[in-house]
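> Test case, fold it:
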Amino acid sequence: MEFITGGVTAAKGFKANGIHCGIRKNKGKADLALIASEVPCTAAAVYTQNLVKGAPVTVTQKNLTDGRAQAVIVNSGNANTCNADGIEKAERMCEIAAELLHIQPNDVIVGSTGVIGQVLPIEPIENAAKELYNGLDENGSNLAATAIMTTDTFAKEAAVSVKIGGKTVHIGGIAKGSGMIHPNMATMLGFSTTDCAISAEMLNQAIHIVTDNTFNMVSVDGDTSTNDTYAVMANGLAENPEITEENEDFSLFVEGLEAVCKKLAMMMAKDGEGATKLLIAQISGAKEEQTAKTVAKAIICSSLVKAAMFGEDANWGRVLCAIGYAGADVDVQKIDVAFVSGKGTVSVCQKGAGIDFSEDQASLVLSADEITIQVDLHSGENTAEAYGCDLTYDYVKINGDYRT
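Predicted coordinates:
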């Protein structure tokens, strides 16, 4: 497996585009994206666990009941959530894409992101539809990735190639996510494409495995939003033997999809609203995988840990505190903690107790823009990683006047 360029257009048969249609007042910001396959695809998705769901989530869930799709249409700047006409508008977006591509509306995945509770104007989307379609390009991934951004500061895309069944399979993805990000699942929109031949049932199984290890291990601020959707389309143009069961080919596909999603997840964490540092909680020595995941999430979600990392303060007691309330089965007297970055390593805790360390070295390590919090529980062989960011003054500034 190797990382390649191309995002959602790295796979054979996919094109994408992103334009400004007028939902956003700022004409310099794109706000409408389209991704399309030249042939029908198997498809699967996972969604927000918030009880308040955006209309696009409801419509996409209905459209994917048959495990088939051929296109994705997404707008930014308006979440189309908590609106009386939300379902109607989301269905109309599917119709617009279907009319352009000469497919059925129920073969379209729809997404929206932005402000909640404001009516989505459909006219800008209708008026710009032809331009959006005409601009579809096999190199258009970045345009689509840019068009789905809200408070993101950079477009997020990734792709890999992997040998499956003697064929080269491509898997790519784009995502947006910067604020209101919390596990189960991270507040985001994400879309992956692949030319792998895989049944809808196995694709659904793969996406759940991968999401649990990647997007569900991200937290920026503890808020889970209303429109979270991660969907995958597979068109089979790589011509590998179709994956219909758990076998070596399935494992290779999961490995490739997870590599793409992990990279996107880390990009979202690094681009957390107001963030200056990517934080990685790396847990080893756990009795069970779920224990490792629970501990990693607790650390990455702790506001006190996040604030300490922003202040470049090696306050390791906050890490132990988070582990202590995580609800995981751990022996506190066995825990080792170290902070690691490109500027070095500093061990701060062994067997649950503080040890002497250089504050100057600690400050140097924590001055990097990517910090790993290494925790060894010394109780087993299981591991996990969670991804987050520091908590800064700018997070409050961004969210204090987000709507106005």
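> distance of the nearest residue to residue 165 once chain neighbours are set aside from residue 283?
Closest residue in space to residue 165, ignoring its immediate chain neighbours: residue 240 at 3.8 Å, by CB to CB, 6 or more residues apart in numbering. Just so you know, the C-beta spots here come from the backbone N, C-alpha and C atoms, and that holds for glycine as well. In this structure, residue 240 and residue 283 are separated by 35 Å, where distance is defined by CB to CB, to the nearest Å.
> and the residue in the chain sticking out farthest from the centre, what element?
The outermost residue of the chain, judged against the average C-alpha position, is residue 356 (38.4 Å), by CA atoms, centre = their mean. Assigned by DSSP states H and E, residue 356 belongs to no helix or strand.
> What is the subsequent helix or strand relative to the longest helix belonging to the chain?
Across the chain, the longest stretch assigned as helix under DSSP state H is helix 248-270. Elements were assigned by DSSP H and E; along the chain past helix 248-270, the next helix or strand is strand 278-286.
> for that next one, packing partners?
Applying 3 or more CB pairs under 8 Å, 6 or more residues apart in numbering; DSSP states H and E, one finds that strand 278-286 contacts helix 248-270, helix 289-301, helix 303-310, strand 370-376, strand 382-389.
> how big is the angle separating the third one from strand 382-389?
In this case it means helix 303-310. Computed by axes from the mean of the first three to the mean of the last three CA atoms, to 10 degrees, the angle separating helix 303-310 from strand 382-389 equals 70 degrees.
> circling back to that earlier point, separation between the residue farthest from the centre of the chain and residue 226?
Taking CB to CB as the criterion, residue 356 is separated from residue 226 by 48 Å.
> quick one, domains of the protein?
As recorded under automatic domain parsing, the domains making up the chain are 2-270, 278-400.
> Low-confidence stretches in this protein?
Scanning the chain for pLDDT under 70 picks out 178-187, 220-225, 402-404.
> So in it, which strand runs the longest?
Residue-count comparison of every strand in the chain, with assignments taken from DSSP state E, identifies strand 32-47 as the longest.
> ok, residues contacting the helix or strand following that strand?
Stepping forward along the backbone from strand 32-47, the first helix or strand reached (DSSP H and E) is helix 55-63. Helix 55-63 is contacted by residues 45, 47-48, 69, 80-81, 83, 86-87, 89-91, 93-94, 105-112, 226-229, 231 when judged by CB atoms under 8 Å, 6 or more residues apart in numbering.
> Quick check: residue 387 touching residue 301?
No: counting by CB atoms under 8 Å, residue 301 is not a contact partner of residue 387; they are 11.1 Å apart.
> more neighbours, those two?
Neighbours were counted for residue 387 and for residue 301 using other CB atoms under 10 Å; residue 387 has more, 26 against 20.
> Now do the helices in the chain.
Chain-ordered helices for the chain, with DSSP H as the definition, fall at 55-63, 86-101, 123-134, 141-147, 200-213, 248-270, 289-301, 303-310, 317-324, 359-366, 393-400.
> In PDB, could you pull the C-alpha coordinates for the first one?
When you say that, I think you mean helix 55-63. Output for helix 55-63, consisting of C-alpha atoms alone and laid out as PDB, is shown next (Å, rounded to 0.1, in the frame of the first residue of the first chain):
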ATOM      1  CA  ALA A  55     -32.600  16.500   6.800                       C
ATOM      2  CA  PRO A  56     -29.700  15.300   4.500                       C
ATOM      3  CA  VAL A  57     -28.900  12.500   7.000                       C
ATOM      4  CA  THR A  58     -32.500  11.200   6.900                       C
ATOM      5  CA  VAL A  59     -32.700  11.400   3.100                       C
ATOM      6  CA  THR A  60     -29.300   9.700   2.600                       C
ATOM      7  CA  GLN A  61     -30.200   6.900   5.000                       C
ATOM      8  CA  LYS A  62     -33.400   6.300   2.900                       C
ATOM      9  CA  ASN A  63     -31.500   6.400  -0.400                       C
END
